[in-house]
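> Next input, structure requested:
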Amino acid sequence: MTTDPGYRIKVYFFLCNIPQSLFCQRLYLNIVDDEYKRSGSTEDINANRICGICPEAIVTLSNKMTVMLQSDSGGLLDVDRRFALRLEKTLGKVESFIF
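Model prediction:
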């Protein structure tokens, strides 16, 4: 996702039912700022997977980001697994950023 140059992207989690797993290996969401993707290591990016408890909001470092969803979980069918995000452009400071 991309917004206008000079802005950042604010991501609000208003629904977040991503079950917790050890090291978020089975089902996770990862929001990766493209600026960090160019300079960060794969290990650093993978260390910031989202599962279990989600942040209220994230503000990116730059005006470009990627949302990645990984699902290797065929397990319990009665477990609610879903999420909903709202995105907006902002001039606000980086907050609760997950690479």
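
> Quick check: closest non-adjacent residue to residue 91.
With CB to CB, 6 or more residues apart in numbering as the measure, residue 7 is the residue that lies nearest to residue 91, at 6.2 Å, once sequence neighbours are left out. (C-beta placed from N, C-alpha, C; glycine too.)

> Quick check: bridge partners of residue 32?
residue 66 (DSSP bridges).

> Could you list every helix and strand in contact with the lowest-mean-pLDDT helix or strand in the chain?
For the chain, using mean pLDDT, DSSP states H and E, the weakest element among its helices and strands is helix 42-46, scoring a mean of 74. Applying 3 or more CB pairs under 8 Å, 6 or more residues apart in numbering; DSSP states H and E, we find helix 42-46 packed against strand 27-33, helix 34-39.

> what's it in contact with?
Defining contact as CB atoms under 8 Å, 6 or more residues apart in numbering, one finds that helix 42-46 is touched by 30, 32, 36, 37, 99.
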